[in-house]
Structure formats: structure tokens, C-alpha cells
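In: Predicted structure and sequence below. I'll ask about it afterward.
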2 protein chains.
Amino acid sequence: MLTESASLDDGKLSTPIFRSTRNDALEFRRPSTSFIPRGRALFWEGEEEAQKIEIVEGVVRAVRLLENGNRQILAFYWPGDVVMPTHSTNQQYTAEAVTDCRVIRSKVSGVCRSDEPCGAHQVLADTLSLVLTMSQKNCVARIAWLLLRIRPHLPADLKRPEALRLQLPRADIADHVGTSLETVCRTLAEFKAKKLIDLPNRKTIRFINLEGLARISNGPAFD
Amino acid sequence: MLTESASLDDGKLSTPIFRSTRNDALEFRRPSTSFIPRGRALFWEGEEEAQKIEIVEGVVRAVRLLENGNRQILAFYWPGDVVMPTHSTNQQYTAEAVTDCRVIRSKVSGVCRSDEPCGAHQVLADTLSLVLTMSQKNCVARIAWLLLRIRPHLPADLKRPEALRLQLPRADIADHVGTSLETVCRTLAEFKAKKLIDLPNRKTIRFINLEGLARISNGPAFD
DNA sequence: CGTTATTTTGACCCATGTCAATACGGGTGG
DNA sequence: CCACCCGTATTGACATGGGTCAAAATAACG
């Protein structure tokens, strides 16, 4: 599958906490904090464990694989989010690390209540809005919608003022909004040309005109 | 499952339009069936009642409405199915009668467990496969997929042997698989021309070549 | 520095949405 | 029972969004 080269290429820029000093080399100071290298799965479809996973650092994607090799990314999860299996008989999706991650695993009860909803409720909300977005909006609107959604979670790029580190590769964006990698590129270029965003480099984004993006994300009707 | 002869169309003559719904405060009361005319809502987005609704007869759709007036049908429910609100703070969808329906309402607890999952789990499973279908398959495959899914639930057409009563209007099919009404028509006509199905009239369908339909529903890769 | 993964840009064209005209067909009232 | 009517369905013509293939450019990595 993916290279688990454990090279902290992403980590060194985005994760000042992790690896900040040599002394912290072992993260086991904090109980049950574990490290997940980029590309590795946190759990798989079909796994039955009842656990919850809090993301401390990094980005996680919920994925369903398909017969033909294609994949659908159902949702992204960010630091502070808690990822849980649906407690049905088996997972409906796989959780994978988009970037190097640090997470905290803990047990969870078999029932879910309003104060502690299980993974199903969490994923449901995301998935519902995804279905709506996918079925009602065109590619441009979907990508604008995605950018606005992820923006609050993106870490600042230390070197460039006002710029954020876009942590998702183009392919992941494409597999989330249900389009091709090429269309993502073209659309981002279009946004840049329209001065809605700036792209200092491939992994960095600067939001310039949020209202414009929001208007586009509402769909072609409002151009 | 529960194959009813289901000639409710006649039944509405003798049935009182609406049994005034006072919520049965006592859980163990013998449930009474209520009649829901075509087009009426069983519950709405945002409603907070904790109830479950068993469909005795007819078809129900789970709908989300959109700003621009479009709608997305998340799922259809059939006799024997139990429709439940997600027990989160509010509904994520509206339930409406596609055809005249008879249903049984009853109270439900605030928690959900494996043996009695709440609406979220139910809708989640449907919605997940919907997302996958929508993002990965073309219109033809999506419509074939829908036909195969609804087939087990369709009541027989008494007058024509082997024929089933297609209870969903074209518009509902379109709003479920995320395409236009016209494309649904064209695709059905195409299936008929290829002798995969027959359409004796607008509300009747006869399945001829299930394998062929299944192949198409797997996507364009397998033509 | 050479090699590889990721991204960008271009060319082409098919599937599907949209607009528009027509044809059913099932209720309703006479 | 018939004729009318309106919602639903069908079919056609047309434009285009976005998928696919291909090649080049950039960044990442040893």
C-alpha cells in the first residue's frame, strides 16, 4: 500500500510539539499516546474492537475502499476530534493517517447515548452533508466547500504570514469530493486566478476572499 | 419480507383520513395503526420526538430539502421497516409517505444498543452505500443499482404475471440516485430496449435479465 | 545529483443536464 | 360511461462540465 517510511517530512514543519526536543523522543510520558505514521490505518473495516481514538496531532481520513480500486473518503478528522467505530457488527469504514499522527486510544461502552454518541452519529452527520454536497453541487462548488470546511483546522505556515499548511494531498481532496485529481488542480488554479486564494507552493494556502469562496460553494446558481 | 397483497389503494375509501394522533403515553398499550396519505410527512427535520414508526403498508422516503428547492432522497423504507429519528438533538431528515401508508407509532428509549440501534445507524448504512454509489458509478449503473435494491419490496401486479408495481415515481428515483428525471426515463427505456426489463405501463415493471442488470450496476468497467 | 512521487497543464470528447415539445393516463365531473 | 384535464412521463435537440489520456514541470528523497 502506502509507504510507511516514517519519515517525518510532514511532521517537522507542522508538529512543533512532537519531536520538539530530543528529550521527548519517547512519547510514552503521557499514558496511551501512540504514534501513527503517515498512511497507516488506525482501524479497519470489519474490526470489532470497541474503542475510541482521540486525535492529538495530525489528520485522519475515514475511507471506504471499492472493488475497482477506487476509494471514497467519507470524512477527515482533526486534532481534538474523536474517531469511533460505529458499534454495529462491523466497521463501515477504515481510518487512516493522512499525516503522521499522535492519538490517544481508550475503551468505550457498547451503548451510545446523547452525551456520548457512538461513531455512527458522528459519521452520519458528516456523511449526510457529503451526500448533499455531492449530489447537488458541481465540482467547483464542492472544492470551495471543502476548502472552507478544512480551513479552521489548518496549522499556520510559520514562514509565510497569513498562510496555512494545506495538509491534504490533491488526491485525497479528489477522493473526498468525488472528482478527479486533475479537476482539483484546475479548480485550485482557477481560484488562484480569481484571487480567492493564493498558493505560494503546493502545500501552502492563503485564503484571500472568503466571501467569494462561500458564494461559489453555494453552487452555480449564485455566480 | 412481509408480502402483502396490499391493495391499499382501495382501502383508503373505508379508512378514516387521520386518526387524531395523541401520543400514546403508555408504552404497553396495544399499538394502533394510523393512515398517512401520499405526500404527507411522518416527521420533520428538527422535530425532537423520540418515536419509532413501523411501516405496515406503503413506501416512505427519507428526505433532505435544500436551499435551492432541490431535494435529496436518502433512503426508501418498506413494509416491515422501522423508521426512527436519529436521537441526536434534532432530525437529520424528514420522512414522507411516497404512497398511501399505514404505520404503527411507538415510543422509544433515548439510548440505542446493538439490539436496538437508533435511527442513526439505520440511515448511516443506507447513506454510506448511497455516497459510494453516487461518487463511483455513472447514472446508468446507479439506476440499475436502485432497481435491484427495490425489487424485493415491490408488490406484484395482480393483472400481469411476473410484473411488479413500481411504486416510486420517476422524480423520486431521480432525486434518490442524484440525476435528472429525464435521465431516469431514458435509462429505463434503454434497459427496456436491451431486454433487461419490461415496462408494460408507467407504474409496472417486469424484471427479465437480473444478471445483466447486476453487471451494469457494478459500473461501466464491467460492460 | 539522479530517481521517483506528486502536481500542473493541455487536448479531446462523451455522458448528462437543461430546455422544450409532446404524449400519455388516471381522476373528476357531467 | 364518456370527455376533458392536469400531473406525470417520454422523447428530441443542444451545450458543456468534467473525465480521461498524455506530457511536462516541480518537489521530494536518498
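Out: That came through fine. Residues are numbered from 1 along each chain as shown, chains lettered A, B, ... in the order given.

In: so where is chain A shaky, pLDDT-wise?
Out: A:1-31, A:44-50, A:85-91, A:108-122, A:221-223 (pLDDT under 70).

In: Try it again at 80.
Out: A:1-32, A:43-51, A:67-69, A:84-92, A:107-126, A:219-223 (pLDDT under 80).

In: give me the number of residues near the closest residue to DNA strand D within it?
Out: Closest approach between chain A and DNA strand D, counting by CB to the nearest atom of the strand: residue A:138, at 2.9 Å. For glycine as for every other residue, the C-beta is placed from the backbone atoms N, C-alpha and C. The local packing of residue A:138 (other CB atoms under 10 Å in any protein chain shown) involves 12 other residues.

In: Would you quantify the distance from it to DNA strand C?
Out: Note on residue A:138: its distance to DNA strand C, by CB to the nearest atom of the strand, to the nearest Å, is 9 Å.

In: Contact partners for that residue?
Out: A:219-220 (CB atoms under 8 Å, 6 or more residues apart in numbering or on different chains).

In: Which parts of chain A are strands?
Out: Listed in chain order, the strands of chain A (DSSP state E) span A:33-36, A:41-43, A:51-57, A:60-65, A:71-77, A:82-83, A:94-97, A:101-107, A:164-165, A:197-201, A:204-207.

In: could you redo those as a markdown table and give each row mean neighbour count and distance to chain B?
Out: Shown next, in a markdown table, are these (neighbours: other CB atoms under 10 Å in any protein chain shown; distance: least, CB to the nearest CB, whole Å):
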| stretch | mean neighbour count | distance to chain B |
| --- | --- | --- |
| strand A:33-36 | 18 | 24 |
| strand A:41-43 | 19 | 16 |
| strand A:51-57 | 20 | 16 |
| strand A:60-65 | 21 | 6 |
| strand A:71-77 | 22 | 5 |
| strand A:82-83 | 19 | 15 |
| strand A:94-97 | 24 | 12 |
| strand A:101-107 | 18 | 16 |
| strand A:164-165 | 18 | 27 |
| strand A:197-201 | 15 | 24 |
| strand A:204-207 | 19 | 23 |
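
In: want to try a markdown table for those, with distance to residue B:173 as columns?
Out: A markdown table is the format used below for these (distance: least, CB to CB, whole Å):
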| stretch | distance to residue B:173 |
| --- | --- |
| strand A:33-36 | 42 |
| strand A:41-43 | 36 |
| strand A:51-57 | 39 |
| strand A:60-65 | 24 |
| strand A:71-77 | 22 |
| strand A:82-83 | 35 |
| strand A:94-97 | 31 |
| strand A:101-107 | 42 |
| strand A:164-165 | 42 |
| strand A:197-201 | 38 |
| strand A:204-207 | 40 |
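
In: between those strands, which gets nearest to residue B:124?
Out: Proximity to residue B:124, assessed across those by CB to CB, is greatest for strand A:71-77 (10.3 Å).

In: Tell me how far the most centrally placed residue in chain A lies from residue A:35.
Out: Chain A has residue A:76 as the residue nearest its centroid, 2.9 Å off, counting by CA atoms, centre = their mean. Per CB to CB, to the nearest Å, residue A:76 is found 19 Å from residue A:35.

In: contacting residues around residue A:42?
Out: A:36, A:53, A:60, A:83, A:95-97, A:101, A:103.

In: now do 7 Å
Out: Residue A:42 makes contact with A:36, A:53, A:60, A:83, A:95-97, A:103, according to CB atoms under 7 Å, 6 or more residues apart in numbering or on different chains.

In: residue boundaries of the helices in chain A?
Out: A:9-14, A:119-136, A:139-150, A:170-177, A:181-193, A:210-217 (DSSP state H).

In: Dump the fifth one to PDB, keeping only the CA atoms.
Out: Output of helix A:181-193 as PDB, limited to C-alpha atoms (Å, rounded to 0.1, in the frame of the first residue of the first chain):
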ATOM      1  CA  LEU A 181      -7.100  14.800  -9.200                       C
ATOM      2  CA  GLU A 182      -6.800  16.900 -12.400                       C
ATOM      3  CA  THR A 183     -10.000  18.700 -11.700                       C
ATOM      4  CA  VAL A 184      -8.800  19.600  -8.200                       C
ATOM      5  CA  CYS A 185      -5.700  21.100  -9.700                       C
ATOM      6  CA  ARG A 186      -7.500  23.100 -12.300                       C
ATOM      7  CA  THR A 187     -10.100  24.400  -9.900                       C
ATOM      8  CA  LEU A 188      -7.500  25.500  -7.400                       C
ATOM      9  CA  ALA A 189      -5.700  27.300 -10.200                       C
ATOM     10  CA  GLU A 190      -8.900  28.900 -11.100                       C
ATOM     11  CA  PHE A 191      -9.500  30.100  -7.600                       C
ATOM     12  CA  LYS A 192      -6.000  31.500  -7.500                       C
ATOM     13  CA  ALA A 193      -6.500  33.300 -10.800                       C
END
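
In: buried set for that helix?
Out: A:183-184, A:187-188, A:191 (16 or more other CB atoms under 10 Å in any protein chain shown).

In: can you check the last one too?
Out: Going by neighbour count (16+ other CB under 10 Å), the buried part of helix A:210-217 is A:212-213, A:216-217.

In: what domains does the record give for chain A?
Out: A:9-112, A:137-218 (automatic domain parsing).

In: I'd like those domains laid out as a markdown table, including distance to residue B:161.
Out: Output for the domains of chain A, formatted as a markdown table (distance: least, CB to CB, whole Å):
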| stretch | distance to residue B:161 |
| --- | --- |
| domain A:9-112 | 35 |
| domain A:137-218 | 42 |
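
In: Any idea which of those domains gets closest to residue B:195?
Out: Of all the domains of chain A, the one in closest proximity to residue B:195, counting by CB to CB, is domain A:9-112 (26.1 Å).

In: ok, which residues in chain A are in contact with DNA strand C?
Out: A:169-171, A:181-182, A:184-186, A:188-189, A:199, A:202 (CB under 7 Å from any atom of the strand).

In: Next, format those residues as a markdown table and append distance to DNA strand D.
Out: Below are the residues of chain A next to DNA strand C laid out as a markdown table (distance: CB to the nearest atom of the strand, whole Å):
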| residue | distance to DNA strand D |
| --- | --- |
| A:169 | 10 |
| A:170 | 12 |
| A:171 | 12 |
| A:181 | 8 |
| A:182 | 4 |
| A:184 | 8 |
| A:185 | 9 |
| A:186 | 8 |
| A:188 | 13 |
| A:189 | 13 |
| A:199 | 10 |
| A:202 | 5 |
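
In: out of the residues you listed, which one sits closest to residue B:64?
Out: Using CB to CB, the residues of chain A next to DNA strand C come closest to residue B:64 at residue A:184, 25.8 Å.

In: The closest one contacts residue A:175, doesn't it?
Out: No. Contact between residue A:184 and residue A:175 fails when scored by CB atoms under 7 Å: they sit 9.7 Å apart.

In: related to what we said a few turns ago, quick check: which of the strands of chain A is nearest to residue A:128?
Out: Per CB to CB, nearest to residue A:128 of the strands of chain A: strand A:71-77, 10.8 Å.
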